[in-house]
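[1] Fold the following for me, if possible:
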Amino acid sequence: MIVSEQRLLEFMGMPDVQFVIPVYQRVYSWTERQCEELWADLQRAGSTGKAHFIGTILYIEEDGQDAPTRRLDLIDGQQRMATLTLLLLAFRNASRDGKVKVAGVTADDIDARFLHGHDGETPTPKLLLSRSDRNTLAALVDGGELPDEDELSTYLTDNLAFFERQLARPGVAADVWTGLQGLYAIAAQVEPGDQPQLVFESLNSKGMPLRPSDLIRNLLFVHFGYDEQVRLYKQYWDPIDTLFANDPEGTRLNAALHGWLVKHAPKLLVRDKNEIYDAFKAYVRNMHSDNLEDLLKSINRYCTDFAADPTSPGAKKSMDWAMGKREGLISERKLFGD
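    Model (predicted):
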């Protein structure tokens with residue numbers, strides 16, 4: 001792994017680079033409260049002239065690229081990168097409209113460095129978010145029509161509106177822009193032979209913790225290249241996300257994944273949701289690591305049946321488990337042998 005300390009705006013503004021959020025990553029989910037905390041940190045850093053550390057950005061450079069633009073897949077840091085992109089977009093809009101004037105800052109410069117790149121002669125988004133977030137951010141950056149309500153990422157629109165309201169307050173823009181210049185991060189590039197999922201798990205203790213279903217999804221998709229991720233996600237996991245869309249805490253999906261484990265590894269008993277990811281990882285490592293597409297197909301089929309008949313005995317038992325009725329966990333050694 002190649003690790004370096006970098007000014008974050010220099011990292012985000014690297015020429016001929018596009019940052020890509022892999023499709024298996026969770027959607028953008030920062031709330032206004034977290035934007036308020038970031039705003040306060042930037043204002044404080046700008047007014048005092050002190051640098052501010054914003055954490056680690058973990059990424060993989062895609063293999064076999066022959067395009068002029070390098071694509072860097074963000075494994076950790078998407079929420080921060082997306083939020084800072086929204087703040088820079090708010091600065092661009094306010095500068096363009098004459099509402100904010102900061103020395104040395106122009107709307108065109110912000111747009112060219114942080115919001116758009118070029119793949120040959122074709123303008124491209126500097127940050128390519130995953131799934132439904134992608135179209136919302138593109139519309140906000142380019143001034144296009146926002147997606148329909150069921151496809152709209154309201155976290156993106158609400159947080160942009162928050163930053164625009166803050167920039168409208170007199171006397172704050174210069175300090176916040178200075179604070180942005182002082183942001184720094186640890187940029188960590190995953191190399192061949194590294195295990196990005198293990199690094200990602202260790203970093204997940206900061207920020208908004210992922211649900212077990214998020215970690216399981218990442219485990220299954222992280223080993224594929226971007227094009228294959230897109231194909232497999234659309235075919236197998238996107239239907240699952242759609243079926244369990246009205247499940248903000250992930251309880252029903254955790255129950256379905258638990259039911260899948262019960263069916264395919266009946267001796268493996270998981271006490272609660274905090275153990276399901278470790279149990280699933282052990283199963284994949286020992287039983288199914290060579291054919292992940294078949295595994296995705298099996299999970300898709302089971303989750304589809306679970307959602308279609310939530311009153312079946314197996315579904316009810318898994319829901320009872322997800323709601324807190326716990327059983328013991330047999331060790332990996334006992335399940336899979338020495």
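
[2] Buried by neighbour count: which residues of the longest strand seen in the chain qualify?
    Scanning the chain for the longest strand, with DSSP state E as the assignment, gives strand 52-61. Neighbour-count burial for strand 52-61 flags 52, 54, 56-60 (criterion: 16 or more other C-beta atoms under 10 Å). Heads up, the C-betas are built off the backbone N, CA and C, glycines and all.

[3] For it, name the packing helices and strands.
    When contacts are defined as 3 or more C-beta pairs under 8 Å, 6 or more residues apart in numbering; DSSP states H and E, strand 52-61 packs onto helix 8-12, helix 32-48, strand 70-76, helix 78-96, strand 183-189, helix 196-203.

[4] redo that, cut-off 10 Å
    strand 2-7, helix 8-12, strand 17-20, helix 32-48, strand 70-76, helix 78-96, strand 183-189, helix 196-203 (3 or more C-beta pairs under 10 Å, 6 or more residues apart in numbering; DSSP states H and E).

[5] ok so, going back, farthest-separated two in the buried residues of strand 52-61?
    Distance extremes for the buried residues of strand 52-61: the farthest pair is H52 and I60 at 25.9 Å, using C-beta to C-beta.

[6] With just CA atoms, put the longest strand of the chain into PDB.
    The C-alpha coordinates for strand 52-61 follow below in PDB (Å, rounded to 0.1, in the frame of the first residue of the first chain):
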ATOM      1  CA  HIS A  52      -7.500  20.200   9.900                       C
ATOM      2  CA  PHE A  53      -7.200  16.400   9.500                       C
ATOM      3  CA  ILE A  54     -10.200  14.800   7.800                       C
ATOM      4  CA  GLY A  55      -9.200  11.100   7.900                       C
ATOM      5  CA  THR A  56      -8.100   8.500   5.400                       C
ATOM      6  CA  ILE A  57      -9.000   8.300   1.800                       C
ATOM      7  CA  LEU A  58      -8.600   4.700   0.500                       C
ATOM      8  CA  TYR A  59      -8.600   4.000  -3.200                       C
ATOM      9  CA  ILE A  60      -7.600   1.600  -5.900                       C
ATOM     10  CA  GLU A  61      -6.500   2.600  -9.400                       C
END
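
[7] starting at the chain centroid, how far to it?
    Centroid displacement of strand 52-61 relative to its chain, using C-alpha atoms, centre = their mean, to the nearest Å, is 13 Å.

[8] show me where pLDDT drops low in the stretch 201-338 of the chain?
    201-210, 226, 248, 266, 268-269, 271-273, 287-290, 322-338 (pLDDT under 70).

[9] rerun that using 80 as the cut-off
    201-211, 214, 218, 221-227, 229-230, 245-250, 265-275, 285-290, 314-318, 320-338 (pLDDT under 80).

[10] Cross-check the contact I'm expecting between K126 and H116.
    Yes - the criterion here is C-beta atoms under 10 Å, and K126 meets it with H116 at 5.8 Å.

[11] And those two? Which one has more around it.
    K126 (23 against 16; other C-beta atoms under 10 Å).

[12] how close does that one sit to N135?
    Distance of K126 to N135, computed by C-beta to C-beta, to the nearest Å: 16 Å.

[13] if we can go back for a sec, any residues in contact with both of K126 and H116?
    Common neighbours of K126 and H116 are listed as 18, 141 (criterion: C-beta atoms under 10 Å, 6 or more residues apart in numbering).

[14] how close does A40 get to H52?
    11 Å.

[15] Find residues that contact each of these two.
    G179.

[16] how is the protein carved up into domains?
    Per automatic domain parsing, the domain ranges recorded for the chain read 2-206, 217-336.

[17] where does R169 fall, helix, sheet strand or coil?
    Under the three-state scheme (DSSP: H, G, I helix; E, B strand; the rest coil), R169 adopts coil.

[18] All good on my end, thank you.
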